[in-house]
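Trainee: Here you go, sequence then predicted model.
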Amino acid sequence: MKNLSRIKKEIEKLRRQIRHHDYRYYSLNHPEISDSEYDKLIKRLKNLEEKHPQLKIPDSPTERVGGEPLLKFKQVKHPRPMLSLDNAYSFEEIKDWVKRVHKGLKKTEDVEYVTELKFDGISATFTYRDGRFVLGASRGDGQTGDNITANLNTVRTVTLKLTPSKRYPLPATLEVRGEVYMDRRDFQRLNKQREKKGEALFANPRNAAGGSLKLLDPKVTAKRKLRNFIHSFGLLEKGREFSTHREFLQAAAVWGLCTSPYSKLCRNINQVTAECQKWQKRRQSLPYDIDGVVIKVNRLAQQKRLGITLKSPRWAIAYKFPAEQATSVLKEIKIQLGRTGVLTPVAVLEPVECAGVTISRATLHNFDEIKRLDVRIGDRVIVERAGEVIPKIVKVIKSVRKSKLKPFHLPSHCPICGDKIVKEKEEEVAYRCLNSLCPGQLEKGLIHFASRQAMDIEGMGRAVIEQLVKKRIVKDLADIYSLTKEQLLKLDLFAEKRAEGLIRAIEKSKKQPLSRLLLALGIRHAGEKAAYVLANRFGNIERLSQASRDELQGIPEVGPIMAEAIVAFFRSSGAKQLLLRLNKASLNMVEPIAKSSSQALAGKRFVFSGELQDFSRNEAQRLVQQLGANTSSSVSKKTDFVVAGKNPGSKYAKAKSLNVKIINEAEFKKLIK
């Protein structure tokens, strides 16, 4: 019993430590320990909980990875309606609202305001009982929402257990409200991953956050790196009564809830408009999207007297930033074909100035979006460009539409090869051409196959591949290895020396390890990390090709969707024929076993910048991974080493500004030895 009591105390201490470091890292962006130290705390807690399951609790930090998939979402009735805000689109409208506020109160009363950033995210509620997070819900229709507790449990900034305070005692029941969002950087990373897997891209971070919260599998939501901010409360029972909204925000921060650091107390309308002007100019400096500033009456007693309408509170308003928009005419809808066969519609516009650039093309995302907008060729449309984001069509001006314009119909056949297109799963939005020999896919497939991170065939760039496909010299991936110098010399781009150089590069690529080949083959849902894991697990392509779904799913990095895609790939007749031909061409089909089992660099994070003389970047990354380290493509305070080769870029400069240790290639060699 004494031993169990000691273990219980250690578990509770670990949970407190991890919660503290989660708050420092995710909410304050000021970590106190390294990633490796944090990982050790998590590992220790996980081991203790597995050995003593009776001591495990639902709000343990180890539960952040997500539980079992849900069958469906249950409905939750909000204790108080989640109202929407009235919008103001000019400072004159803000002044008019202020006049209405004063009219609803006594003429002699002073009124203070709190300004907050209007996050472009998804509204949600978070309910705590005795300080523990017990229920999370979506906004829904304002009266009733979905129970998304399992998904919100995986969001690192969501506090699972509140921190008690003498100044602000914890309420018996507390329901707070906020926004769930995704950083632009995490959004771009997610879309890159989806593009590699041939999945439909999300339109924007808000769209990605919303889609992530609707997933029935919390494990997938956990990988999306969502965040949240708390901005108000809906219910507070048996706790300290607050006199102002500002005081609530201060208490929320003390309790450990994630609140925005940019809320501001304003004494008058001039200070309010100054805040709106400031954030209108600075919005792109933030790592997440905002689309305005919310203005609230600070004193809660005044809020109560001002009351609400059927839809909105009278004591708050949202100032919406002017959108970076312009109008143009849709001239054409072109269909682009991706490497994995996904068809994407692109709008061709009459050139128009918007946000300082000339725009002639805009994304339509997918065919469902065309249907939702009811956009037709010849329509006058509103196009929007925010910051560096790809322009998109946001609205059709139907009041000026010509009556003869015909609705756009999804093509039934691939515009490149003429084969039938399909939607593989009903819940997907992506339509695909499944003809793996389609020239449209072949070009992008060859570019990926020859790329530096895959087979690294120097000299086989886009222009070369376009000619090889156009002249039908290369009809599939295996044809690369039967190319001759004579065939290359017939192309516009080649003279004797260049042709010989490409033939040597092709021959050299045959020696690439299995992990490179797996990545080059473009198996859906299996990216660079998965290729490396699979190659090291199975050792050769024959063993991998015979692996079952269950065997694949037994690998921590492989989920059910990836396992299904891998099995489907190796069972397809096209893949079997391709692999036979690649084997006949003497390509390496095995992964070399790492000579060192040392974990000397365990937990360290490396970033490589510039050209190394004795290693390719992938080889260098593989070496440190074999020694237990992690690699990243970007520099942050969490980076342990930046390895700088010849002509290092912006990563080198950022490392210097953050005082991250920079080493050259000679020092790197000493380190890995």
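Mentor: The structure has been received and is ready for your questions.
Trainee: Distance check, Gln230 against Lys311.
Mentor: Heads up, residue 230 is Ile, not Gln. Taking C-beta to C-beta, to the nearest Å as the measure, Ile230 falls 23 Å from Lys311. Just so you know, the C-beta spots here come from the backbone N, C-alpha and C atoms, and that holds for glycine as well.
Trainee: quick one, strands of the stretch 101-250 of the chain?
Mentor: Ranges of strands in the stretch 101-250 of the chain, per DSSP state E, counting those that start in this stretch, are 113-119, 122-129, 132-138, 144-146, 173-181, 227-237.
Trainee: and the ones you listed as JSON lines, adding mean neighbour count?
Mentor: Compiled in JSON lines, the strands of the stretch 101-250 of the chain are given as follows (neighbours: other C-beta atoms under 10 Å):
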{"stretch": "strand 113-119", "mean neighbour count": "24"}
{"stretch": "strand 122-129", "mean neighbour count": "22"}
{"stretch": "strand 132-138", "mean neighbour count": "20"}
{"stretch": "strand 144-146", "mean neighbour count": "18"}
{"stretch": "strand 173-181", "mean neighbour count": "23"}
{"stretch": "strand 227-237", "mean neighbour count": "20"}
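Trainee: Kindly reformat those as TSV containing mean pLDDT.
Mentor: As requested, these are exported to TSV (pLDDT from 0 to 100):
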stretch	mean pLDDT
strand 113-119	96
strand 122-129	95
strand 132-138	93
strand 144-146	90
strand 173-181	95
strand 227-237	93
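Trainee: Adding distance to Lys402 as columns, could you present those in TSV?
Mentor: What follows is those, written out as TSV (distance: least, C-beta to C-beta, whole Å):
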stretch	distance to Lys402
strand 113-119	37
strand 122-129	37
strand 132-138	40
strand 144-146	42
strand 173-181	40
strand 227-237	45
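Trainee: These: which one's closest to Asp39?
Mentor: With C-beta to C-beta, the closest approach to Asp39 among those belongs to strand 227-237: 20.3 Å.
Trainee: And the contacts of that closest one?
Mentor: For strand 227-237, contacts defined as C-beta atoms under 8 Å, 6 or more residues apart in numbering pick out 26, 78-80, 82, 116, 119, 121, 124-127, 152, 155-158, 171-183, 242, 245, 248, 252, 257-260, 288, 294.
Trainee: Show me which positions of the biggest helix by length in the chain end up buried.
Mentor: Identified as the longest helix of the chain according to DSSP state H is helix 2-22. Across helix 2-22, burial judged by 16 or more other C-beta atoms under 10 Å covers Ile11, Leu14, Arg15, Gln17, Ile18, Arg19, His21, Asp22.
Trainee: same check, this time on stretch 660-673
Mentor: Val660, Ile662, Glu665, Phe668, Leu671, Ile672.
Trainee: With pLDDT added, can I get those in CSV?
Mentor: Below are those laid out as CSV (pLDDT from 0 to 100):
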residue, pLDDT
Val660, 92
Ile662, 94
Glu665, 89
Phe668, 90
Leu671, 87
Ile672, 80
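Trainee: Most widely separated two among those residues?
Mentor: Val660 and Ile672 (18.3 Å).
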